[in-house]
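Enquirer: Sharing a model prediction with you, sequence too.
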Amino acid sequence: MTALAIPGLDHAPTTHERLLSWVHEVAELTSPDEVVWCDGTQEEWDRLTGRLVDAGTFVPLPKRPNSFWCASDPDDVARVEERTFICSRDPADAGATNNWLDPAEMKSVMTDLYRGSMRGRTMYVIPFCMGPLAADKPMFGVEITDSEYVVVSMHIMTRVGRRVIERMGSDADFVPCLHSVGAPLAEGADDVPWPCNETKYITHFPEEKTIWSFGSGYGGNALLGKKCYSLRIASALAREEGWLAEHMLILKLTSPADRVHYVAAAFPSACGKTNLAMLEPTIPGWRVETLGDDIAWMRFGKDGRLYAVNPENGFFGVAPGTNWKTNPNAMRTLEQGNSIFTNVARTADGDVWWEGMEGSPENLTSWKKQAWTPADGAAGEPAAHPNSRYCTPMNQCPVLAPEWDDPQGVPISAILFGGRRATTVPLVAQARDWQHGVFLGATLSSEKTAAATGAVGQVRRDPMAMLPFIGYNAGDYFQHWVDLGKQADAAALPSIFYVNWFRRGEDGRFLWPGFGENSRVLKWIVERLDGDAAAAETAVGLVPAADALDLSGLDVDQADVEAALAIDADEWRAELPLIEEWFDTIGPALPSTMRDELAALRQRLG
Ligand code: SAT
Ligand code: MN
């Protein structure tokens, strides 16, 4: 290897040839002042958080041990889907729902952007592992970044450092993840607290299992182990290898009789996945424990059941709306400290605040770093950005299931697909069989939230809550789901359910109280699996029979619950052309079975 005179480059704690040559190649291209091989230690955390404080990026929070407040550039606040690309060789392999560019062309464009992009900065090499390090085949990645914020966030969100590089040895496979904020510093120039670039690219090369990200420092754009690796690249890998990489929480539900069920549930970003994952049941004797709040990797076990592992090590949760009522366990997790808060508001005495949190502090610093009072809130200027986030270690969660780190994963009994729909979609419905469940997932729809840039509120199809995360053709993805169901023993497969906590009455009020009361729906679901709950056949699936949903002690209008569960044939008939239109956009890869399911639904609706 040619000797490049960059301090630190040769302090590699590894003899891994492919890794070494890639790191050298990137250093040569990006021209950092220094290279640091990350070891994942407390010392490294202290050094880098200190550096971030000195740079004005982080503000320590005296009210919370080892925790920091951070505000991003106001133009870098969410995933940028229109700048996200799947660069397969054949555009048909990216499909109609992804942006595509020829891989060679993209590499040439991005190589020009990366040239010298780390000048004046430190280049960090972060070896990480998605999922348990003790797995038979650990899922390694290495992220190269010029952002200290990314390094410390990766400390929380993934397994990082020395133990990873040791387990990788000299030849383990890994996903190279290249990230630059794209803001080289001229000699002597002052840095800004949140360096980024107006030009952004979040690019995936699925055939090479490689990720290139440029220009953004925020969330899923920059923490490349998350959506980029664990969903887009992993979904492509999962298709080749016969498993599933899904945008799902994983929870453990224990009944008063100590029966245990594991449930995986897919909802679009910012639809309450974290709240459901950490739910405190309102019905006596039932218990929820958390295994994950965002991503599930599911593989078939020797017994034919589907086993789920959460590849992550932390929670990157939406802050607004989180409080002691909606999610007390998230509040308790955050109280323990060791957390990073981005784009929330800061109180004068060194705590954080966001819309929906208890208390009404008078004088805040908003996410825009401006003095903020409730009058500003009344004038429509929120104190926290709607996509502001907390980043906190999983092992601080008081209801963490002890098996969360088990490399075998947990056997899934039920899969839930949910969205945010004001009308049409009932509170809960069970699919008739696997293929019907795939149809429910493939036609999942939701009102757009703030987790991605763009107009909030409009309804869009979000298949399996994976629309922005499927790393290949969405039609092939549906086919993969159908195929897995055919290969498997039907009795061992999870049952599939459709849920909607967000249905509204004519005056706009929510028909179902949600949050802890969703345990009533979970109870019906697992009682269905155990053969203990009655269901009524409808055109769209099996819904709770009258009185089958446990409403004891619940202070709601019975008529509202009935309205939340109702199937309105007219609303569903109006849905048919929308599904048809959605299927048309998928193109020729759409499995014919999905059209068959649509035809069957049309017929059942009469
Ligand atoms: O910013 S992320 O993509 O990591 C969070 C999310 O949208 O779920
Ligand atoms: Mn998510």
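Expert: Right, received. Where do you want to start? Ligands and ions are numbered 1, 2, ... in the order given.

Enquirer: what stretches of this structure score poorly on pLDDT?
Expert: Scanning the chain for pLDDT under 70 picks out 1-3, 451, 453-457.

Enquirer: the domain parsing of it - what is it?
Expert: The record, using automatic domain parsing to delimit domains, assigns the chain the ranges 17-59+69-241, 244-313+400-605, 315-396.

Enquirer: And those domains: which comes nearest ligand 2?
Expert: domain 244-313+400-605 (4.2 Å; CB to the ion). Heads up, the C-betas are built off the backbone N, CA and C, glycines and all.

Enquirer: First-to-last residue distance for the closest one?
Expert: With CA to CA, to the nearest Å as the measure, domain 244-313+400-605 spans 32 Å from end to end.

Enquirer: hmm, back to that, please render the domains of the chain as TSV that adds distance to ligand 1 and mean neighbour count to the earlier fields.
Expert: Listed next are those as TSV, based on distance: least, CB to the nearest ligand atom, whole Å; neighbours: other CB atoms under 10 Å:
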stretch	distance to ligand 1	mean neighbour count
domain 17-59+69-241	2	20
domain 244-313+400-605	3	19
domain 315-396	5	19
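
Enquirer: tell me which element Asp547 is part of?
Expert: Of the helices and strands defined by DSSP states H and E, none includes Asp547.

Enquirer: make that Trp582, sorry
Expert: helix 569-586.

Enquirer: which secondary structure elements does that helix contact?
Expert: Applying 3 or more CB pairs under 8 Å, 6 or more residues apart in numbering; DSSP states H and E, one finds that helix 569-586 contacts helix 474-487, helix 592-605.

Enquirer: Reformat those as JSON lines; add distance to Met278.
Expert: Shown next, in JSON lines, are these (distance: least, CB to CB, whole Å):
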{"stretch": "helix 474-487", "distance to Met278": "27"}
{"stretch": "helix 592-605", "distance to Met278": "34"}
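
Enquirer: Just send those helices back as TSV, with distance to ligand 2 too.
Expert: Shown next, in TSV, are the helices and strands packed on helix 569-586 (distance: least, CB to the ion, whole Å):
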stretch	distance to ligand 2
helix 474-487	17
helix 592-605	24
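
Enquirer: Of all these, which one is nearest Pro176?
Expert: helix 474-487 (24.0 Å; CB to CB).

Enquirer: Neighbouring strands of the next helix or strand after that closest one in the sheet, and parallel or not?
Expert: Once the chain leaves helix 474-487, the next helix or strand it forms, by DSSP H and E, is strand 495-499. Using DSSP bridges, strand 495-499 pairs in its sheet with strand 410-418 (parallel), strand 428-430 (antiparallel).

Enquirer: which bits of the chain sit near ligand 2?
Expert: Within reach of ligand 2 by CB under 5 Å from the ion, the chain has these residues: Ser269, Asp294.

Enquirer: one more time with 8 Å, if that's ok
Expert: 220, 226-227, 247, 268-270, 273, 294-295, 316, 451, 465 (CB under 8 Å from the ion).

Enquirer: chain center to stretch 127-138, what's the gap?
Expert: 19 Å (CA atoms, centre = their mean, to the nearest Å).

Enquirer: sorry, back to before: can you tell me which of the helices and strands packed on helix 569-586 comes nearest to Leu427?
Expert: For those, the distance to Leu427 is smallest for helix 592-605, at 18.8 Å, taking CB to CB.

Enquirer: The closest one versus helix 569-586: what angle between them?
Expert: Angle, helix 592-605 to helix 569-586, by axes from the mean of the first three to the mean of the last three CA atoms, to 10 degrees: 160 degrees.

Enquirer: which other helices and strands contact helix 592-605?
Expert: The contact analysis (3+ CB pairs under 8 Å, 6+ apart) places helix 592-605 against helix 434-442, helix 569-586.

Enquirer: residues contacting Ala563?
Expert: Contacts for Ala563 (CB atoms under 8 Å, 6 or more residues apart in numbering) come out as Arg503, Gly505, Leu511.

Enquirer: Show me the residue at the heart of this protein, geometrically.
Expert: Centroid-nearest residue in the chain: Asp294, 4.1 Å away (criterion: CA atoms, centre = their mean).

Enquirer: from what I can see that residue touches Phe316, true?
Expert: Yes: applying CB atoms under 8 Å, one finds Asp294 in contact with Phe316, separated by 7.2 Å.

Enquirer: Quick check: neighbours shared by those two?
Expert: Lys226.

Enquirer: pretty sure Ser216 belongs to a helix, no?
Expert: No: assigned with DSSP: H, G, I helix; E, B strand; the rest coil, Ser216 falls outside any helix and is coil.

Enquirer: Leaving out chain neighbours, which residue sits closest to it?
Expert: Using CB to CB, 6 or more residues apart in numbering and skipping the chain neighbours, the partner closest in space to Ser216 is Lys200 (4.9 Å).

Enquirer: And stretch 61-79, end to end?
Expert: OK, stretch 61-79 end separation, CA to CA: 26 Å.

Enquirer: rewinding a little: the helix holding Trp582: how far from the chain's middle?
Expert: Here the centre of helix 569-586 is set off from its chain's centre by 27 Å, with CA atoms, centre = their mean.

Enquirer: Run the angle between that helix and helix 474-487 for me.
Expert: Using the same axes, to 10 degrees: helix 569-586 against helix 474-487 is 110 degrees.

Enquirer: Show residues contacting helix 569-586.
Expert: So helix 569-586 is contacted by 95-97, 423-424, 443, 445, 461, 474-475, 478, 539-540, 590, 594-595, 598, 601-602, 605-606 (CB under 8 Å, 6+ apart).

Enquirer: can you check stretch 128-135 too?
Expert: 138-143, 154, 158-160, 163-164, 167, 225, 229-230, 234, 297, 309-312, 405-407.

Enquirer: quick one: which of those residues sit in helices?
Expert: Met154, Arg163, Val164, Arg167, Ala234 (DSSP state H).

Enquirer: Just flag the most distant two among the residues you listed.
Expert: Maximum distance among the ones in helices among the contacts of stretch 128-135 (CB to CB): 21.4 Å, for Arg163 and Ala234.
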